[in-house]
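Q: Here is a sequence together with a model predicted from it:
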Amino acid sequence: MTFAYLGLGANLGDARQALKDAVVCLAQQCAVTVLAKSGIYRTAPIDAGGDDFYNCVVKLETSLSARALLELCQRVEHHFGRERPFRNAPRTLDIDILLYGEHAIAEPDLIVPHPRLAERAFALVPLVEIAPDLVIPGHGAASALLPDVAAQRIEKIKPPCQCLGFGRATKPATGSCR
């Protein structure tokens with residue numbers, strides 16, 4: 001079994017819901033166990049046009065090879081309507097393998113660690129959220145890379161209020177929701 005980290009992003013349709021549904025879809029795969037999921041972050045597109053992206057990172061344990069995991073990610077993207085009309089096009093769902101164990105892979109269509117992982121707040125910030133002590137092969141501690149991406153706009157999305165009385169004019173009986 002191998003620990004892997006996937007970066008998920010979307011900026012078309014109901015992007016936040018697509019991320020949540022994609023994590024569920026991944027968790028339903030027999031060769032994958034989702035161990036952790038970051039919060040959802042809103043970020044500006046980088047080298048692309050379109051609406052802001054919503055992003056998250058998941059940690060999983062898998063018996064799949066890196067190649068088979070890539071194929072699974074692409075099948076899930078396709079299931080969510082992913083099209084690739086041009087480089088960095090807006091997307092209904094994008095799933096990237098950020099890390100696959102401690103492996104370094106350099107193939108034409110599969111590079112691990114992800115080649116721009118150390119340069120992207122939308123991947124680093126949620127990655128450090130769920131794995132604060134993680135070391136990225138060839139780059140060092142993920143948390144040490146955060147100052148290099150500090151100028152990139154990233155905002156953690158607060159989950160909806162789950163307290164009693166949410167959406168009603170009356171206050172919850174057990175205190176306030178924060």
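A: Now that the structure is in, tell me what you want to look at.

Q: just checking, Ala123 is part of a strand?
A: No - read with DSSP: H, G, I helix; E, B strand; the rest coil, Ala123 is helix and lies in no strand.

Q: so it touches Leu117, yeah?
A: Yes - contact criterion Cβ atoms under 8 Å: Ala123 and Leu117 qualify, at 5.3 Å. From N, CA and C alone the C-beta is placed, and that goes for glycine too.

Q: Looking at these two, which one has more neighbours?
A: Set Ala123 next to Leu117 and count neighbours by other Cβ atoms under 10 Å: Ala123 wins out with 28 against 23.

Q: Just the pLDDT for that one.
A: The confidence metric pLDDT takes the value 95 at Ala123.

Q: In contact with the closest residue to it other than its chain neighbours, which residues?
A: In this structure, Ala123 finds its nearest non-sequential neighbour in Gly7, 4.7 Å apart by Cβ to Cβ, 6 or more residues apart in numbering. Gly7 makes contacts with 55-57, 94-96, 98, 114, 117, 122-123, 126-127, as judged by Cβ atoms under 8 Å, 6 or more residues apart in numbering.

Q: what's the following helix or strand after the helix or strand where Gly7 lies?
A: Per DSSP states H and E: Gly7 is located in strand 2-10. Using DSSP H and E, the helix or strand that follows strand 2-10 in sequence is helix 15-27.

Q: and Tyr54, how far is that from Gly7?
A: Remark: distance between Tyr54 and Gly7 (Cβ to Cβ, to the nearest Å) = 12 Å.

Q: ok, now Asp109?
A: 16 Å.

Q: could you give the mean pLDDT of the strand or helix carrying Leu69?
A: Taking DSSP H and E as the criterion, Leu69 maps to helix 66-79. For helix 66-79, mean pLDDT is 94.

Q: Counting by contacts, list what it packs against.
A: strand 2-10, helix 15-27, strand 94-100, strand 110-112 (3 or more Cβ pairs under 8 Å, 6 or more residues apart in numbering; DSSP states H and E).

Q: how about the CA coordinates for the second one, as CSV?
A: In other words, helix 15-27. Written as CSV, here are the backbone C-alpha positions of helix 15-27 (Å, rounded to 0.1, in the frame of the first residue of the first chain):
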residue,chain,number,x,y,z
ALA,A,15,-17.4,23.6,-8.2
ARG,A,16,-17.6,23.2,-4.5
GLN,A,17,-20.1,20.4,-4.7
ALA,A,18,-18.1,18.7,-7.5
LEU,A,19,-15.1,18.6,-5.1
LYS,A,20,-17.2,17.0,-2.4
ASP,A,21,-18.7,14.5,-4.7
ALA,A,22,-15.4,13.6,-6.3
VAL,A,23,-13.9,12.8,-2.9
VAL,A,24,-16.9,10.5,-2.2
CYS,A,25,-16.4,8.9,-5.7
LEU,A,26,-12.7,8.3,-4.9
ALA,A,27,-13.6,6.8,-1.5
